[in-house]
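Asks: Sequence unavailable; structure follows:
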Ligand SMILES: NC(=O)C1=CN([C@@H]2O[C@H](COP(=O)(O)OP(=O)(O)OC[C@H]3O[C@@H](n4cnc5c(N)ncnc54)[C@H](OP(=O)(O)O)[C@@H]3O)[C@@H](O)[C@H]2O)C=CC1
């Protein structure tokens, strides 16, 4: 059952996904069943600071299959982010945090159109839950993941595992690959995703969902408009106090 406000939850597993990203696997402290959520939704989290006061409230997208009996959030440690630093550095297995029930309107809509999921950096998290939902249903999916290099390549095996579905295509973009990344061919495309590549590789009749840094989102939005994609097919969410990306 969903609840109002915050409720205590326990981190029962913590996984370091890459240099900066940690995943937290969460269950309710009182053992109650977690409400289901729609792919793309997030929970808000607050955490007790060492001085006993509560941190600010932050929203983190759920990043794992919605029909598991736990929630997973995956958090990038931001040097300036007090809450993400507190969580990544000091919250460990067995610790209690406070969470809301899942919320959010950036969710996967029912459709038979090809589904194009584009994640920039930690913005891949809502794309993962959307892919978990759509892949087994046979919908044609193109999952595109842009990261600087192998130091930031979270969820590598997890994303690779989607290849078991014939209907899923994966493109990994490294914008600043190391020499070893080039030598070991760890990516499909080098450099920032751009309009030429999108025009050649993405269907105009698809449903597009994307999330990532503000400039990344603005570029993708305008490329899609230039390609002639209908605004109804363009879905995105900007976290934080960003500017309007359509301008
Ligand atoms: N539901 C939501 O809305 C969520 C939103 N987020 C947001 O996602 C963002 C992710 O940030 P972070 O992980 O630091 O991302 P990074 O700074 O690591 O960037 C991710 C990728 O985007 C590329 N990129 C940046 N600008 C452009 C552009 N104009 N055109 C094409 N590619 C571009 C980067 O290339 P390059 O290396 O060249 O810079 C890089 O490959 C955060 O701002 C976070 O708030 C995160 C989770 C959920």
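Replies: Here it is on my side, so go on. Note that this is a predicted model, so its numbers are computed, not measured.
Asks: only C-alpha atoms for contact and neighbour calcs from this point on.
Replies: Will do.
Asks: Give me every residue in the chain that's in contact range of the ligand.
Replies: 61, 120-123, 125-126, 146-148, 174-176, 192-193, 211-213, 215-216, 219, 237-239 (Cα under 6 Å from any ligand atom).
Asks: So which of those sit within strands?
Replies: Mapping the residues of the chain next to the ligand onto strands (DSSP state E) picks out 61, 120, 146-147, 174, 211.
Asks: Now the two most distant members of those.
Replies: Farthest-apart pair in these is 61 and 174; separation 22.9 Å (Cα to Cα).
Asks: ok now the longest helix along the chain, how far from the chain's centre?
Replies: The helix that spans the most residues within the chain, counting by DSSP state H, is helix 214-227. How far helix 214-227 lies from its chain's middle: 18 Å, per Cα atoms, centre = their mean, to the nearest Å.
Asks: same check, this time on stretch 198-216
Replies: On Cα atoms, centre = their mean, the centre of stretch 198-216 falls 15 Å from that of its chain.
Asks: Any buried residues in it, and which?
Replies: Applying a neighbour-count criterion of 16 or more other Cα atoms under 10 Å, one finds 202-204, 206-212, 214, 216 buried in stretch 198-216.
Asks: next one: stretch 114-127
Replies: 114-127.
Asks: next one: stretch 18-33
Replies: Quick answer for stretch 18-33 (16+ other Cα under 10 Å): 18, 20-29.
Asks: Among the residues you listed, which one lies nearest to residue 188?
Replies: For these, the residue nearest residue 188 by Cα to Cα is residue 18; the value is 19.3 Å.
Asks: how much space between the closest one and residue 152?
Replies: To residue 152, residue 18 is 6 Å away according to Cα to Cα, to the nearest Å.
Asks: what do you get for residue 116?
Replies: In this view, residue 116 and residue 152 are 22 Å apart by Cα to Cα.
Asks: Distance check, residue 55 against residue 49.
Replies: 6 Å.
Asks: what do you get for residue 126?
Replies: 27 Å.
Asks: same check, this time on residue 112
Replies: In terms of Cα to Cα, residue 112 sits 46 Å off from residue 49.
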